[in-house]
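> With the input below, show me the fold.
(2 chains)
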Amino acid sequence: MVTQVNKIRRFTLALMLFWSAGIAFSFYWFYRDEQRTVVAIARAEARATYEKDTLYRRWATKHGGVYVPTSELSPANPYLTHVQERDVTTPSGKALTLVNPAYMTRQVFELADSQNNLVRGHITSLNPIRPENKPDPWEAKALRQFETGVKEVSEVQEMGGRPYMRLMRPFVTEAACLKCHAAQGYRVGDIRGGVSASVPLEANSAMMGEVMTGAAVSYGMIWLLGLGLIGTGGRVLSRSARAIEEREERYRTVADYTEGWEYWQGPDHSFRYVSPSCQELSGYSRAEFYADPELLHRIVHPDDLASYERHVRDSFCGTPTPIDFRIIRKDGEIRWIAHVCRLVYTSGGAANGIRGSNRDITDRKTADQALREQALLLEKEVRERMEREAELEAKNAELERFTYTVSHDLKSPLITIKGFAGAVLKDIEGGNLQRLDGDVRRIMGAADKMSALLSDLLELSRIGRIVNAPSLIDMNVLANEVLGQLSGPIQQAGVEVALQPGLPKVWGDQPRIGEVLQNLVENAVKYKGEQQKPRIEIGARQGAAGVVFTVRDNGIGVPAQYHETIFGLFNQLDARSEGTGIGLALARRIVEFHGGKLWVESDGVGQGSTFCFTLGTRPPEPT
Amino acid sequence: MIEGEPLCILLVEDNPDHAELAIRNLSDAGLVNRLFHVEDGEAALDYLNNRGRYADQDAYPRPHLVLLDLRLPKVDGIEVLKQVKASEQLKSIPVVILTTSAAERDLAQAYNHYANSYLTKPVDFDSFSSLLRDLGFYWLAWNRRPSSQPR
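Have a look, this model is predicted:
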């Protein structure tokens, strides 16, 4: 912006030069004018002199010359010898000689010549009678011009080192002239000579010099005054321009060196200002934004365009809210922009567009995204860990229950064995042998019970530890196998068994599912009660969560309050029933390992029971 | 005996062998006039409330002491204890827990439900005998009871 001041300076200088040239030209014009005036005056003077000379001469010519006393001053004209009565004598004897017009004129001119600063006249001809009258070179030239019809010749000439205005007119032959010149063959009307008048210019020049000096002073003053005014004007302009430049520099520094991309959009949405940092963010130069008010719209990411346009609409309506959006840079890269803006007003208070700020927040967004992803990952890990912990807790609880049950149930036969062994010893000591047989049987029974418990425990522990590969089980085939294995007890108890044909096929550990069926059928046989026509039905029905397999009996039934108790390890509703009470617990454990459920449905004592189970096993993933 | 009153015990024990051992030891000590044995919790509650087959109050009198096993079929020992101690009529009857379990959880639970005593069945026969003898002496001989108890 320094150029503004320089421009003013250059303009000032040019103006000064122009002014000086104008003044110089004007002065020169004045000088020329003055000079012309001097010449014109001199010419007029010369002309007047000529006219007067001509008049005197004509007068003399009209009179055919005049006679003057002959003297040294006026000797007889030697060139008039051919004229009669050249010399006459007055009656008183006074000698007179004829002075013809030319002679008279010459004498007047010679008189004038003797005095300085007087107009000098000269009569001449290319063919003079008197040789002294022959023309000087300038006169000769003028005389030749007359012969071509020129009426007057005038020129400033230097004579004897002094400037003169010389004027010459032709001399036309008149009748009276022939008195002297007839001998030369002159005719009336011929141009046979000329009269010149020379006016000395020195006096006029001196006057002009004075005028010019005065004029030079005036012109000089006007010139200096003009220069001064121009100079002052230039300085004033320069100063205010510099002030403006400084102010502009301040605003420019503030606006152009912003980190963010700052801009001002006029009410017509055109860009009034865009900071250069727009290029860093968008890849587009500010010139491109100035040239195209729609450019910003076009580089907004298509997914964010709708919300951006809504924001722009709202902003120009007076409710600007901050917004984050993506732009596609000139090189195709996507950047995140945090945008804020506010309305601007003129100093008069009129709405004047909006002032926007765009900041690159790509890094923050990326970090946020990474953080969010990490948080999700962490959340997932925590969830998984909590699931594992819950699983572990359930396992621990199960183990605790198991340990408790086992310690109780294994201790129980020990107490029996030791108790009766002590009783036997005591009885033997006391010689009381009646109860010995029964007590020993009790001891053996307890030992058998313990053995059964131990083998049941071993069996239970195998579930989940020893797993057969899942296969697609045909439940009808499997049920038939199980019924075959149990045919002895079934026949012995006189139980009728019905197997529903076309049971659905399921995936599972076939031998284990067989054990489930076996335990449920055994249980049904064992608790047939006093039923006259004991019957077991094996079937399936469609439940909410898939196929439900059922083993229904018409035996003693299970009261509602014992629907869960019966599945407890070593739990038996009847202390006197056979077995250890592991069957249902085992069956449930197997079903649960298959992701299914096992429960009992019964309306109570004497109403029979239906044991139901589902299997959640999915076909194995193809490998 | 000491007070010239027939002493009555209700033994709640599912294991017939353990019941036999208990009965034999108590009888040998000569402390018990009448001992009733039931095998599960449901039967115990029926007896105490004179319900069902135990409706006859003379045949099945209110016991002076209940010996209660914890692990019982149907209704377990803790549930029986809870119901006895929740009943205005039955809560004054001393209930002594006699169980195989030495688990802390069972102990705490029993006392939380106002068990009067908690005994773990000793594996050793002599200990078992003396425990039951002492138990009988303490609760039936030394221990004082209000003379007229509501029935």
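> packing partners for the helix or strand harbouring residue A:107?
Assessed by DSSP states H and E, residue A:107 sits inside helix A:101-114. Judged by 3 or more Cβ pairs under 8 Å, 6 or more residues apart in numbering or on different chains; DSSP states H and E, the packing partners of helix A:101-114 are helix A:2-62, strand A:120-124. (Each C-beta comes from the backbone N, C-alpha and C, glycine too.)
> tilt between that helix and strand A:120-124?
Put simply, helix A:101-114 runs at 150 degrees to strand A:120-124, going by axes from the mean of the first three to the mean of the last three Cα atoms, to 10 degrees.
> For chain A, what lies in contact range of chain B?
Residues of chain A that fall close to chain B, judged by Cβ under 8 Å from any Cβ of the partner chain: A:404, A:407-409, A:411-412, A:414-416, A:418-423, A:425, A:442, A:445-446, A:561-562, A:565, A:571-576.
> now with 7 Å?
Chain A has residues A:404, A:408, A:411-412, A:414-416, A:418-423, A:442, A:446, A:562, A:572-575 near chain B, with proximity defined as Cβ under 7 Å from any Cβ of the partner chain.
> Chain neighbours aside, what residue packs nearest to whatever residue of chain B ends up closest to chain A?
At 2.3 Å from chain A, residue B:125 is the closest residue in chain B, using Cβ to the nearest Cβ. Using Cβ to Cβ, 6 or more residues apart in numbering or on different chains and skipping residues adjacent in sequence, the residue nearest residue B:125 is residue A:422, 2.3 Å away.
> Please give the element, helix or strand, for the one you found.
Residue A:422 is part of helix A:362-429 when elements are defined by DSSP H and E.
> Which of the residues in whatever helix or strand comes next after that helix are classified as buried?
Next helix or strand after helix A:362-429 toward the C-terminus (DSSP H and E): helix A:436-462. The neighbour-count check on helix A:436-462 (16 or more other Cβ atoms under 10 Å in any protein chain shown) flags A:439, A:442-443, A:445-446, A:449-450, A:453, A:456-457, A:460 as buried.
> likewise stretch A:248-258?
Buried residues in stretch A:248-258, defined by neighbour count with 16+ other Cβ under 10 Å: none.
> possible to save the helices and strands packed on helix A:101-114 as CSV with mean neighbour count?
Formatted as CSV, the helices and strands packed on helix A:101-114 follow (neighbours: other Cβ atoms under 10 Å in any protein chain shown):
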stretch, mean neighbour count
helix A:2-62, 15
strand A:120-124, 23
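> Select, out of those, the one closest to residue A:525.
Closest to residue A:525 of these is helix A:2-62 (Cβ to Cβ; 114.4 Å).
> Mind pulling up the pLDDT for the residue nearest to residue A:405 when sequence neighbours are not counted?
Leaving out its chain neighbours, the residue that sits closest to residue A:405 by Cβ to Cβ, 6+ apart is residue A:569, at 4.8 Å. Predicted confidence (pLDDT) for residue A:569: 76.
> and residue A:569, how many neighbours?
Residues within reach of residue A:569, counting by other Cβ atoms under 10 Å in any protein chain shown, total 22.
> And for residue A:329?
There are 14 residues near residue A:329, going by other Cβ under 10 Å.
> and what of the one 10 residues further on?
The local packing of residue A:339 (other Cβ under 10 Å) involves 24 other residues.
> got the buried residues for the helix holding residue A:107?
Those would be A:101-106, A:108-109, A:112, for helix A:101-114 by 16+ other Cβ under 10 Å.
> Report the angle between it and helix A:2-62.
For helix A:101-114 against helix A:2-62, the angle between stretch directions is 130 degrees (the same axes, to 10 degrees).
> Poorly predicted segments of chain A, please.
Residue ranges of chain A with pLDDT under 70: A:1-2, A:116-118, A:464, A:575-577, A:617, A:620-623.
> How is it divided into domains?
Following automatic domain parsing, one gets these domains for chain A: A:2-65+A:100-207, A:261-360, A:372-462, A:468-613.
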